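> This is a predicted model, with the sequence first.
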Amino acid sequence: MTQITVPDVPTFKEYSVVISSTGPFIVPFAFFGQDDVQATVTDAVGAITNLVVTTDFTFTTLDVPVGQEGAGYEGGEITLNVAIGADGATTIRIFRSTIVDRTANYPNTGPLLMSLLNDEQNYQTMVMQELSSLINADQVGLNTIDIANQADLIADLTANDPGGSYALLTNLISVLNGKGAALIGIEDAAGDFAGTNVEAVIVELKAEVDANLSSAADASDLASVANGLGASLIGVEDVAADFTGTDVEAVLAEIAVIINAAPSYEIKVKTADESVTSSITLQDDNHLAGFAIAQNSRYAITGFLDYDQNVGDLRLAFSYTVSPSRRHYQVHGVAEDGTTDDDTDNAGVDLLLTALTDNVNASVFISGMVTFGAVGSGTGKLTWAQGTLSGNATTIKEGSWLKFEKI
């Protein structure tokens, strides 16, 4: 042994072994004796094995320089008897766990050997380093111990306790029957259960549930996804007495009836003027489009257009992404000077207003009905153009609106 110093270095070292190997693995910290150095191996599935000197590995200390004999070693290395790392994900942890005792006393009289004092100071420094390492979680990995690091903590505790009083801790993170959660005690103040662990009490709870359910609806029904089982077994509290159903599925059916019976509609409003010049080709309106259409449905269409024209007149039509089974529209135009014009359509042709006085602002009232069968969902829109080709603009003004209402 050599008269050593105790540097400020970690009191443990981990090596990740990715190929089969026996080492050697360097011990990079100072220690007093080989019994103070412990080692564990963690395999790919997280199982931890405590290694025993001679049985599992051999220990080699650093050579002692001549003239420096004393207590302790500044490092060494261990070589395993059996190779590890064949699974490609094995970790070996080497750590110092100084045996806490005091075997030397200073003399009451006579000279005080400095080597003895140095040894005592080194011994105390090592113990304080190990305590600091545990407090700062260096050997655990985190200050707050989580599931991933419990195995490290248990290895440290077990390695520091050859008698094995910490062995029970390894069972607490186990998923095997009779271990893990099953070891947690249950306080049964009312004396309702005979079991003394979680698994036993769960068995008693299941028996109690089964006994209080009908033969046609046992505990397994609660997890079923079949109609009449699973969620439908859960009671619904209907304080306002709005529903007659007594389970989830029945109430959902009633809600569906209410939703389907309620009228639904969309109103779209033009937010800016829009003009067409020199074109009798129908084009999509910039704003009165995108009305949602459902299959097997019927819609009432109403609307109001504020427009003016100079010779160009007005051409209107409705367009859909799915084909209607029936349609009927009517438009009624009234100019400011009192002239009127009307048109109807039930075959998908254009609606024309050509008799209104030119250069006069006019209002157009729209009404109609359209029906869709089982053709899938889609959208509807208003399209329009000039009724008569003209170089003068025909304009539908901001504030014009259109409504599709499901009936």
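Now that the structure is in, tell me what you want to look at.
> Return the helix or strand in this structure with minimum mean pLDDT.
Least confident element among the helices and strands of the chain, by mean pLDDT, DSSP states H and E: helix 147-159 (a mean of 57).
> sec struct for the residue of the chain most remote from its centre, please.
Computed with C-alpha atoms, centre = their mean, the residue of the chain farthest from its C-alpha average is Gly110, at 73.3 Å. For Gly110, the secondary-structure state derived from DSSP: H, G, I helix; E, B strand; the rest coil is coil.
> distance of it from Ala226?
92 Å (C-beta to C-beta, to the nearest Å). For every residue, glycine as well, the C-beta is placed using N, CA and C.
> Then Tyr106?
Taken as C-beta to C-beta, the span from Tyr106 to Ala226 is 83 Å.
> Quickly list what Asp343 is bridged to.
Val331 (DSSP bridges).
> my bad, Leu352
Beta-bridge partners of Leu352, as defined by DSSP bridges: Arg315.
> contacting residues for it?
Asp313, Leu314, Arg315, Leu316, Asp343, Gly387 (C-beta atoms under 8 Å, 6 or more residues apart in numbering).
> Could I get the phi/psi values of the last one?
The phi/psi pair for Gly387 (degrees, to the nearest 10) reads phi -80, psi -30.
> Does it touch Tyr307 like I think?
No - here Gly387 lies out of contact with Tyr307, judged by C-beta atoms under 8 Å, at a distance of 11.0 Å.
> Name the residues contacting each of the two.
Joint contacts of Gly387 and Tyr307 (C-beta under 8 Å, 6+ apart) are Leu314, Thr394.
> Can you get me the start-to-end distance on stretch 207-226?
23 Å (C-alpha to C-alpha, to the nearest Å).
> ok, and for stretch 10-20, which residues are buried?
Thr11, Phe12, Lys13, Val17 (16 or more other C-beta atoms under 10 Å).
> What distance do you get for the last one to Gly387?
For Val17, the distance to Gly387 under the criterion C-beta to C-beta works out to 87 Å.
> which residues touch the nearest residue to Leu80 once chain neighbours are set aside?
Take Leu80 and drop its neighbours on the chain: the residue closest to it by C-beta to C-beta, 6 or more residues apart in numbering is Thr22, 4.3 Å away. By C-beta under 8 Å, 6+ apart, Thr22 lies in contact with Thr79, Leu80, Asn81, Val82, Ala83, Ile84.
> Can you get me a residue count around the last one?
Okay, so that is Ile84. 21 (other C-beta atoms under 10 Å).
> So Gly303: helix, strand or coil?
Quick answer, by three-state DSSP: Gly303 is strand.
> Helices of the protein, residue ranges please.
Shown for the chain, the helices assigned by DSSP state H span residues 114-135, 147-159, 167-172, 198-211, 248-261.
> In the fourth one, which residues are buried?
To tie it back to what came earlier, the one meant is helix 198-211. Neighbour-count burial for helix 198-211, counted by 16+ other C-beta under 10 Å, picks out Val201.
> Would you list the buried entries among the contacts of Thr22?
The buried subset of the contacts of Thr22 - by 16+ other C-beta under 10 Å - is Leu80, Ile84.
> ok, now which ones touch the residue farthest from the centre of the chain?
Applying C-beta under 8 Å, 6+ apart, no residues qualify as near Gly110.
> Could you tell me which of the buried residues of stretch 10-20 belong to strands?
Phe12, Lys13, Val17 (DSSP state E).
> Just the CA trace of stretch 91-99, in CSV.
Output of stretch 91-99 as CSV, limited to C-alpha atoms (Å, rounded to 0.1, in the frame of the first residue of the first chain):
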residue,chain,number,x,y,z
THR,A,91,-23.4,-1.5,-17.8
ILE,A,92,-20.8,-2.3,-15.1
ARG,A,93,-20.7,0.1,-12.2
ILE,A,94,-17.7,0.3,-9.9
PHE,A,95,-18.1,2.3,-6.7
ARG,A,96,-16.4,2.9,-3.3
SER,A,97,-18.3,2.0,-0.1
THR,A,98,-15.8,2.5,2.7
ILE,A,99,-16.4,0.2,5.7
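> Quick one: residues in contact with it.
Here stretch 91-99 has contacts from 11-17, 25, 27, 29, 31-33, 35-42, 78, 80, 84, 123, 126-127, 130, 139, 152, 155-156, 159-160, using C-beta under 8 Å, 6+ apart.
> how distant is that stretch from the center of its chain?
38 Å (C-alpha atoms, centre = their mean, to the nearest Å).
> Thr11 and Met128 touch, don't they?
No - the pair Thr11 and Met128 does not pass the contact test of C-beta under 8 Å, sitting 10.3 Å apart.
> show me where pLDDT drops low in the stretch 251-400 of the chain?
For the stretch 251-400 of the chain, the stretches with pLDDT under 70 are 261-263.
> at 90 what do you get?
Under the criterion pLDDT under 90, the flagged ranges of the stretch 251-400 of the chain are 251-264, 308-313, 346-349, 354-360, 375-376.
> just the stretch 101-250 of the chain next, same as before
101-125, 127-250.
> Okay, and the beta partners of the closest residue to Val276 other than its chain neighbours?
Distance criterion C-beta to C-beta, 6+ apart; nearest residue to Val276, sequence neighbours excluded, is Thr394 at 5.3 Å. Taking DSSP bridges as the rule, Thr394 bridges to Val276, Gln309.
> ditto for Thr90
Here Thr90, judged by DSSP bridges, has bridge partners Val17.
> and it, how many neighbours?
20.
> now swap in Asn136 and tell me
10.
> can you tell me how far it sits from Glu130?
From Asn136 to Glu130 the distance is 11 Å (C-beta to C-beta).
> Cheers, nothing more for now.
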